[in-house]
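K.L.:
below is the sequence, then the predicted model.
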Amino acid sequence: MKNICVLSCVSAIFLLSAMASAQMPKPGPELKRLDYFVGTWTLQCDLKPNQFGPGGKVTEIEHFSWMDGGFFLVSQEDYTGSMGEGKGTSFMGYDAMAKTYTYDSFNTWGEAAHAKGTVSGNTWTWTSDTQMMGKPTQTRFTVQESAPDSYTFKFEMTGADGAWSTIMDGKATKNK
């Protein structure tokens, strides 16, 4: 019994020593590109009439900050418009294995969105394959950085015919 106890203590010391010498992972350079979004933004959106509603104006306030560790950008959102008020939380990161940006959001209306993204120059493109009203559809959210403190955006979906249609577009401005 004494030998088992000594062996367990020695094993624990080796394990703790190995853990102490192991380096914690560090965020890759791709994540620094998301720094553009850090801060508080006001979005003025024009929701187009579509199969989900009559359309109208929407205002959204987004507060982006880095989660501890620097691997995920977290946003808390408040929005109001023709469909009422709501809140959301979203996470942006980078999947090094897939070499793609990730976007996951959840809101008070019970909606969840999961998209993959790319950036080319000043243009971000987020795409997803999802179900809308029980039918498969694709979505595309495009962000065009116009300045360090503003961007334009467009949200599109495919219809039954596979053609893209604009559901919403607008402009975002970083609050000073």
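P.N.:
That came through fine.
K.L.:
and the pLDDT for the residue nearest to residue 101 when sequence neighbours are not counted?
P.N.:
Once flanking residues are discounted, residue 101 sits nearest to residue 117: 3.6 Å by Cβ to Cβ, 6 or more residues apart in numbering. Every C-beta, even on glycine, is put in place using the N, C-alpha and C of the backbone. We have a pLDDT of 98 for residue 117.
K.L.:
what secondary structure does residue 117 sit in?
P.N.:
strand (DSSP: H, G, I helix; E, B strand; the rest coil).
K.L.:
and it, what does it touch?
P.N.:
92, 100-103, 124-127 (Cβ atoms under 8 Å, 6 or more residues apart in numbering).
K.L.:
same check on residue 34?
P.N.:
Neighbouring residues of residue 34 by Cβ under 8 Å, 6+ apart: 73, 92-94, 101.
K.L.:
look up how far residue 140 lies from it.
P.N.:
19 Å (Cβ to Cβ, to the nearest Å).
K.L.:
before we move on, what about residue 68?
P.N.:
Distance, residue 68 to residue 140, by Cβ to Cβ: 31 Å.
K.L.:
what about those two, which has more around it?
P.N.:
Neighbour totals were compared for residue 68 and residue 140, and residue 140 leads with 17 against 7 (other Cβ atoms under 10 Å).
K.L.:
check the more buried one and give its pLDDT.
P.N.:
For residue 140, the predicted pLDDT is 98.
K.L.:
any chance you could map the helices in the protein?
P.N.:
Ranges of helices in the chain, per DSSP state H, are 2-21, 29-32.
K.L.:
weakest of those by average pLDDT?
P.N.:
Confidence, taken as mean pLDDT, is least for helix 2-21 of the helices of the chain (a mean of 51).
K.L.:
returning to that earlier point: in CSV, list the contacts of residue 34 along with neighbour count, distance to residue 43 and pLDDT.
P.N.:
Formatted as CSV, the contacts of residue 34 follow (neighbours: other Cβ atoms under 10 Å; distance: Cβ to Cβ, whole Å; pLDDT from 0 to 100):
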residue, neighbour count, distance to residue 43, pLDDT
73, 22, 16, 98
92, 21, 15, 98
93, 20, 21, 98
94, 21, 23, 98
101, 22, 19, 98
